[in-house]
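Enquirer: Sequence first, then the predicted structure, then my questions.
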Amino acid sequence: MAVSLGVHIGQQNLDIADLRALWRRLDRAGVDWISVWDHFYEAPFQGGTQPHFEALSTLGALAADTERARIGCLVFYVGYRNPALLAKAATTLDHLSAGRFELGLGAGWHIHEASAYGYSFPDIGTRLDMLDEAAAVVRRLLDDERTIFAGKHFQLDDATCWPKPVQERLPLWIGGRGERRTLEIAARRADGWNAAYTSPAEFARLNTVLNHWCEQDDRDPSAIKRSANIAFHMATDAAGVERERARLAADWGAAATGVAAGSLLCTPDAAADQIMAYVRGGADAINVALRAPWNDDALAAYVNEVIPAVRRLT
(Lines give C-alpha, C1' and ligand atoms only; values in the text may rest on other atoms or scores of the structure.)
Protein backbone atom coordinates (compact mmCIF):
# COMPACT_ATOMS: atom_id res chain seq x y z
CA MET A 1 0.00 0.00 0.00
CA ALA A 2 1.32 3.47 -0.88
CA VAL A 3 2.51 5.57 2.04
CA SER A 4 1.42 9.21 2.40
CA LEU A 5 4.40 11.57 2.20
CA GLY A 6 3.82 15.01 3.60
CA VAL A 7 5.32 18.11 5.16
CA HIS A 8 4.60 19.49 8.63
CA ILE A 9 5.41 23.21 8.81
CA GLY A 10 6.30 25.11 11.95
CA GLN A 11 4.98 28.55 11.09
CA GLN A 12 7.83 30.43 12.78
CA ASN A 13 10.63 32.63 11.45
CA LEU A 14 8.82 33.01 8.11
CA ASP A 15 6.90 35.99 6.83
CA ILE A 16 3.41 35.24 5.56
CA ALA A 17 4.32 35.61 1.89
CA ASP A 18 7.12 33.05 2.22
CA LEU A 19 4.89 30.69 4.19
CA ARG A 20 2.18 30.81 1.53
CA ALA A 21 4.73 30.41 -1.26
CA LEU A 22 6.12 27.35 0.52
CA TRP A 23 2.88 25.42 0.77
CA ARG A 24 1.84 26.39 -2.76
CA ARG A 25 5.18 25.03 -3.96
CA LEU A 26 4.70 21.81 -1.98
CA ASP A 27 1.14 21.38 -3.25
CA ARG A 28 2.22 21.83 -6.87
CA ALA A 29 5.05 19.33 -6.31
CA GLY A 30 2.53 16.67 -5.30
CA VAL A 31 3.10 16.13 -1.58
CA ASP A 32 0.22 14.20 -0.03
CA TRP A 33 -0.14 16.19 3.19
CA ILE A 34 0.60 19.68 4.55
CA SER A 35 0.07 20.55 8.20
CA VAL A 36 0.93 23.26 10.71
CA TRP A 37 1.36 23.12 14.47
CA ASP A 38 -0.57 24.80 17.29
CA HIS A 39 1.81 27.13 19.11
CA PHE A 40 1.91 30.81 20.09
CA TYR A 41 5.67 30.72 20.67
CA GLU A 42 8.51 29.06 18.84
CA ALA A 43 9.51 25.45 19.39
CA PRO A 44 11.96 24.73 20.83
CA PHE A 45 11.28 27.58 23.26
CA GLN A 46 13.60 30.58 22.88
CA GLY A 47 11.89 32.99 25.26
CA GLY A 48 9.10 33.96 22.88
CA THR A 49 11.55 35.85 20.70
CA GLN A 50 10.83 34.41 17.25
CA PRO A 51 7.99 35.50 14.93
CA HIS A 52 5.17 32.96 14.94
CA PHE A 53 1.70 32.73 13.33
CA GLU A 54 -1.43 31.27 14.99
CA ALA A 55 -2.71 27.94 13.68
CA LEU A 56 -6.42 28.31 12.93
CA SER A 57 -6.10 31.52 10.95
CA THR A 58 -3.07 30.09 9.14
CA LEU A 59 -5.11 27.03 8.15
CA GLY A 60 -7.71 29.20 6.45
CA ALA A 61 -5.06 30.49 4.06
CA LEU A 62 -3.59 26.99 3.63
CA ALA A 63 -7.03 25.65 2.66
CA ALA A 64 -7.60 28.42 0.13
CA ASP A 65 -4.09 28.38 -1.33
CA THR A 66 -3.82 24.65 -2.04
CA GLU A 67 -5.74 22.27 -4.28
CA ARG A 68 -4.39 18.74 -3.93
CA ALA A 69 -2.75 17.96 -0.59
CA ARG A 70 -4.75 16.96 2.43
CA ILE A 71 -4.29 19.50 5.21
CA GLY A 72 -4.47 19.67 8.97
CA CYS A 73 -2.90 20.60 12.28
CA LEU A 74 -0.74 18.10 14.17
CA VAL A 75 -2.04 18.80 16.74
CA PHE A 76 -4.33 21.33 18.43
CA TYR A 77 -3.84 21.58 22.19
CA VAL A 78 -7.27 21.06 23.75
CA GLY A 79 -6.61 23.68 26.43
CA TYR A 80 -6.50 26.60 23.99
CA ARG A 81 -9.95 26.30 22.39
CA ASN A 82 -13.29 24.85 23.33
CA PRO A 83 -13.66 21.59 21.33
CA ALA A 84 -17.06 22.71 20.04
CA LEU A 85 -15.35 25.72 18.49
CA LEU A 86 -12.75 23.38 16.97
CA ALA A 87 -15.50 21.19 15.48
CA LYS A 88 -17.07 24.28 13.93
CA ALA A 89 -13.71 25.47 12.62
CA ALA A 90 -12.92 22.00 11.25
CA THR A 91 -16.18 21.98 9.31
CA THR A 92 -15.45 25.43 7.90
CA LEU A 93 -11.94 24.39 6.89
CA ASP A 94 -13.29 21.25 5.26
CA HIS A 95 -15.56 23.36 3.09
CA LEU A 96 -12.78 25.84 2.29
CA SER A 97 -10.55 22.96 1.19
CA ALA A 98 -13.27 21.02 -0.68
CA GLY A 99 -13.07 18.07 1.70
CA ARG A 100 -9.32 17.87 2.40
CA PHE A 101 -9.15 18.79 6.10
CA GLU A 102 -8.25 16.46 8.98
CA LEU A 103 -8.39 17.49 12.65
CA GLY A 104 -5.66 16.60 15.15
CA LEU A 105 -5.95 16.88 18.94
CA GLY A 106 -3.38 16.50 21.69
CA ALA A 107 -2.76 17.09 25.39
CA GLY A 108 -0.14 19.81 24.86
CA TRP A 109 3.36 20.37 26.22
CA HIS A 110 4.39 24.01 25.72
CA ILE A 111 3.84 25.33 29.26
CA HIS A 112 5.87 28.49 28.55
CA GLU A 113 3.45 29.87 25.97
CA ALA A 114 0.38 28.74 27.90
CA SER A 115 1.53 30.54 31.04
CA ALA A 116 2.55 33.67 29.12
CA TYR A 117 -0.87 33.89 27.45
CA GLY A 118 -2.80 33.28 30.66
CA TYR A 119 -4.02 29.74 29.95
CA SER A 120 -4.13 27.22 32.75
CA PHE A 121 -1.84 24.26 32.18
CA PRO A 122 -2.98 21.50 34.53
CA ASP A 123 -1.16 18.26 35.28
CA ILE A 124 -0.84 15.71 32.49
CA GLY A 125 -3.57 13.47 33.90
CA THR A 126 -6.07 16.33 33.77
CA ARG A 127 -4.97 17.34 30.28
CA LEU A 128 -5.47 13.77 29.07
CA ASP A 129 -8.95 13.74 30.61
CA MET A 130 -9.63 16.94 28.65
CA LEU A 131 -8.31 15.29 25.49
CA ASP A 132 -10.62 12.31 25.95
CA GLU A 133 -13.66 14.53 26.45
CA ALA A 134 -12.68 16.87 23.61
CA ALA A 135 -12.35 13.99 21.14
CA ALA A 136 -15.82 12.77 22.10
CA VAL A 137 -17.31 16.25 21.75
CA VAL A 138 -15.74 16.85 18.34
CA ARG A 139 -16.79 13.48 16.94
CA ARG A 140 -20.40 13.88 18.05
CA LEU A 141 -20.71 17.43 16.76
CA LEU A 142 -19.28 16.47 13.39
CA ASP A 143 -21.50 13.41 13.01
CA ASP A 144 -24.74 13.92 14.98
CA GLU A 145 -27.64 16.25 14.34
CA ARG A 146 -27.74 17.49 17.95
CA THR A 147 -25.35 16.95 20.84
CA ILE A 148 -25.85 17.02 24.59
CA PHE A 149 -22.65 16.45 26.55
CA ALA A 150 -22.08 16.74 30.28
CA GLY A 151 -18.40 16.20 31.02
CA LYS A 152 -16.15 17.42 33.79
CA HIS A 153 -14.33 19.83 31.48
CA PHE A 154 -16.73 20.48 28.59
CA GLN A 155 -20.51 20.79 28.33
CA LEU A 156 -22.85 21.08 25.35
CA ASP A 157 -26.55 21.93 25.56
CA ASP A 158 -28.41 20.55 22.53
CA ALA A 159 -25.71 21.88 20.21
CA THR A 160 -25.72 21.63 16.42
CA CYS A 161 -22.89 21.93 13.92
CA TRP A 162 -24.31 22.83 10.51
CA PRO A 163 -23.38 22.49 7.76
CA LYS A 164 -21.78 19.12 8.16
CA PRO A 165 -18.30 18.58 6.71
CA VAL A 166 -17.89 17.88 3.01
CA GLN A 167 -16.38 14.49 3.88
CA GLU A 168 -18.73 11.78 5.04
CA ARG A 169 -16.39 11.25 8.01
CA LEU A 170 -13.87 13.98 8.73
CA PRO A 171 -10.81 12.18 10.15
CA LEU A 172 -9.83 12.81 13.76
CA TRP A 173 -6.19 12.32 14.80
CA ILE A 174 -4.76 11.95 18.27
CA GLY A 175 -1.12 12.97 18.68
CA GLY A 176 1.29 11.82 21.35
CA ARG A 177 3.46 8.99 22.62
CA GLY A 178 1.99 8.25 26.04
CA GLU A 179 1.45 4.51 26.27
CA ARG A 180 -1.13 4.24 29.06
CA ARG A 181 -3.51 7.08 28.24
CA THR A 182 -2.76 8.77 24.90
CA LEU A 183 -2.63 5.55 22.89
CA GLU A 184 -5.67 4.15 24.69
CA ILE A 185 -7.63 7.32 23.84
CA ALA A 186 -6.45 7.00 20.23
CA ALA A 187 -7.64 3.38 20.15
CA ARG A 188 -11.14 4.41 21.25
CA ARG A 189 -11.58 7.79 19.62
CA ALA A 190 -9.28 8.31 16.65
CA ASP A 191 -9.14 7.69 12.93
CA GLY A 192 -5.39 8.29 13.05
CA TRP A 193 -2.47 8.43 15.48
CA ASN A 194 0.57 10.67 15.07
CA ALA A 195 3.92 10.45 16.88
CA ALA A 196 6.59 13.12 16.60
CA TYR A 197 10.38 12.86 16.71
CA THR A 198 10.76 9.21 17.59
CA SER A 199 13.13 6.68 16.08
CA PRO A 200 11.85 4.01 13.68
CA ALA A 201 12.37 1.33 16.33
CA GLU A 202 10.47 3.28 18.98
CA PHE A 203 7.70 4.09 16.52
CA ALA A 204 7.35 0.38 15.76
CA ARG A 205 7.18 -0.43 19.47
CA LEU A 206 4.55 2.23 20.15
CA ASN A 207 2.61 0.95 17.15
CA THR A 208 2.33 -2.46 18.81
CA VAL A 209 1.13 -0.75 22.01
CA LEU A 210 -1.61 0.96 20.03
CA ASN A 211 -2.58 -2.41 18.55
CA HIS A 212 -2.82 -3.79 22.09
CA TRP A 213 -5.20 -1.01 23.12
CA CYS A 214 -7.28 -1.60 20.00
CA GLU A 215 -7.66 -5.24 21.03
CA GLN A 216 -8.59 -4.19 24.57
CA ASP A 217 -11.24 -1.81 23.24
CA ASP A 218 -12.50 -4.27 20.60
CA ARG A 219 -11.35 -1.96 17.78
CA ASP A 220 -9.96 -3.16 14.48
CA PRO A 221 -6.34 -1.90 14.45
CA SER A 222 -6.52 -1.37 10.70
CA ALA A 223 -9.19 1.29 11.28
CA ILE A 224 -6.53 3.65 12.66
CA LYS A 225 -3.92 5.22 10.39
CA ARG A 226 -0.41 5.65 11.81
CA SER A 227 1.86 8.60 11.02
CA ALA A 228 5.26 9.87 12.11
CA ASN A 229 6.59 13.42 12.04
CA ILE A 230 10.37 13.44 11.58
CA ALA A 231 12.45 16.58 11.89
CA PHE A 232 13.94 17.73 8.59
CA HIS A 233 17.71 18.10 8.90
CA MET A 234 18.73 16.88 5.46
CA ALA A 235 21.70 18.40 3.68
CA THR A 236 23.18 17.81 0.26
CA ASP A 237 26.61 16.67 1.51
CA ALA A 238 28.29 15.25 4.61
CA ALA A 239 29.59 18.62 5.77
CA GLY A 240 26.10 20.02 5.58
CA VAL A 241 24.77 17.13 7.66
CA GLU A 242 27.32 17.93 10.37
CA ARG A 243 26.22 21.57 10.35
CA GLU A 244 22.63 20.41 10.76
CA ARG A 245 23.68 18.16 13.63
CA ALA A 246 25.34 21.10 15.36
CA ARG A 247 22.30 23.33 14.82
CA LEU A 248 20.02 20.65 16.23
CA ALA A 249 22.21 20.40 19.33
CA ALA A 250 22.23 24.17 19.78
CA ASP A 251 18.45 24.45 19.38
CA TRP A 252 17.40 21.54 21.57
CA GLY A 253 20.09 21.31 24.22
CA ALA A 254 19.57 18.32 26.52
CA ALA A 255 16.71 17.06 24.34
CA ALA A 256 18.84 17.00 21.18
CA THR A 257 19.74 13.31 21.30
CA GLY A 258 16.09 12.27 21.42
CA VAL A 259 15.08 14.66 18.65
CA ALA A 260 17.99 13.52 16.49
CA ALA A 261 16.74 9.94 16.73
CA GLY A 262 13.52 11.13 15.12
CA SER A 263 15.16 13.30 12.47
CA LEU A 264 15.98 12.95 8.81
CA LEU A 265 19.62 13.82 9.49
CA CYS A 266 21.32 12.61 6.32
CA THR A 267 22.04 13.25 2.67
CA PRO A 268 19.37 12.55 0.03
CA ASP A 269 20.84 9.19 -0.96
CA ALA A 270 20.19 7.81 2.55
CA ALA A 271 16.77 9.37 3.11
CA ALA A 272 14.57 6.78 1.39
CA ASP A 273 16.03 3.98 3.51
CA GLN A 274 15.36 5.92 6.71
CA ILE A 275 11.77 6.59 5.70
CA MET A 276 11.22 2.96 4.77
CA ALA A 277 12.30 1.98 8.29
CA TYR A 278 9.21 3.82 9.58
CA VAL A 279 7.05 2.13 6.96
CA ARG A 280 8.32 -1.27 8.08
CA GLY A 281 7.44 -0.22 11.63
CA GLY A 282 3.81 0.31 10.63
CA ALA A 283 3.67 3.92 9.42
CA ASP A 284 1.00 4.75 6.84
CA ALA A 285 2.25 8.33 6.59
CA ILE A 286 5.55 10.17 7.03
CA ASN A 287 5.72 13.96 7.40
CA VAL A 288 9.01 15.82 7.43
CA ALA A 289 8.82 18.67 9.94
CA LEU A 290 10.29 21.98 8.78
CA ARG A 291 11.63 24.70 11.08
CA ALA A 292 13.13 27.72 9.36
CA PRO A 293 15.85 28.05 8.36
CA TRP A 294 16.40 24.82 6.46
CA ASN A 295 18.61 23.81 3.56
CA ASP A 296 16.43 24.62 0.57
CA ASP A 297 18.51 22.58 -1.88
CA ALA A 298 18.01 19.60 0.41
CA LEU A 299 14.27 20.25 0.56
CA ALA A 300 14.15 20.35 -3.24
CA ALA A 301 16.03 17.05 -3.34
CA TYR A 302 13.60 15.56 -0.83
CA VAL A 303 10.58 16.58 -2.89
CA ASN A 304 12.00 15.79 -6.32
CA GLU A 305 14.14 12.73 -5.58
CA VAL A 306 13.36 11.14 -2.23
CA ILE A 307 9.58 11.20 -2.42
CA PRO A 308 9.52 9.52 -5.88
CA ALA A 309 12.05 6.94 -4.65
CA VAL A 310 9.88 6.05 -1.64
CA ARG A 311 6.77 5.87 -3.79
CA ARG A 312 8.50 3.37 -6.03
CA LEU A 313 9.25 1.22 -2.99
CA THR A 314 5.72 1.21 -1.52
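Expert: Yep, that arrived.
Enquirer: what does the helix or strand R312 falls within contact?
Expert: Using DSSP states H and E, R312 sits within helix 307-313. Applying C-beta atoms under 8 Å, 6 or more residues apart in numbering, the contact partners of helix 307-313 are A2, V3, L5, G30, V31, A272, I275, M276, V279, I286. For glycine as for every other residue, the C-beta is placed from the backbone atoms N, C-alpha and C.
Enquirer: So the residue nearest in space to the middle of the chain, which state does it fall into?
Expert: Central residue of the chain (C-alpha atoms, centre = their mean): L74, 2.2 Å from the mean position. For L74, the secondary-structure state derived from DSSP: H, G, I helix; E, B strand; the rest coil is strand.
Enquirer: other SSEs contacting the lengthiest helix in the chain?
Expert: Longest helix in the chain, counting residues (DSSP state H): helix 124-143. Applying 3 or more C-beta pairs under 8 Å, 6 or more residues apart in numbering; DSSP states H and E, we find helix 124-143 packed against helix 83-96, strand 101-106, strand 147-150, strand 155-159, strand 172-175, helix 182-189.
Enquirer: what about it, distance to the chain center?
Expert: In terms of C-alpha atoms, centre = their mean, to the nearest Å, the centre of helix 124-143 is found 17 Å from the chain centre.
Enquirer: Low-confidence ranges, this protein, go.
Expert: Low-confidence segments of the chain, defined by pLDDT under 70: 1.
Enquirer: what ranges do the strands span in it?
Expert: Secondary structure of the chain (DSSP state E): strands at 4-9, 33-36, 70-77, 101-106, 147-150, 155-159, 172-175, 192-196, 225-232, 263-264, 285-290.
Enquirer: Export those to TSV and append columns for distance to R140.
Expert: What follows is the strands of the chain, written out as TSV (distance: least, C-beta to C-beta, whole Å):
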stretch	distance to R140
strand 4-9	27
strand 33-36	24
strand 70-77	17
strand 101-106	13
strand 147-150	5
strand 155-159	8
strand 172-175	11
strand 192-196	18
strand 225-232	21
strand 263-264	38
strand 285-290	26
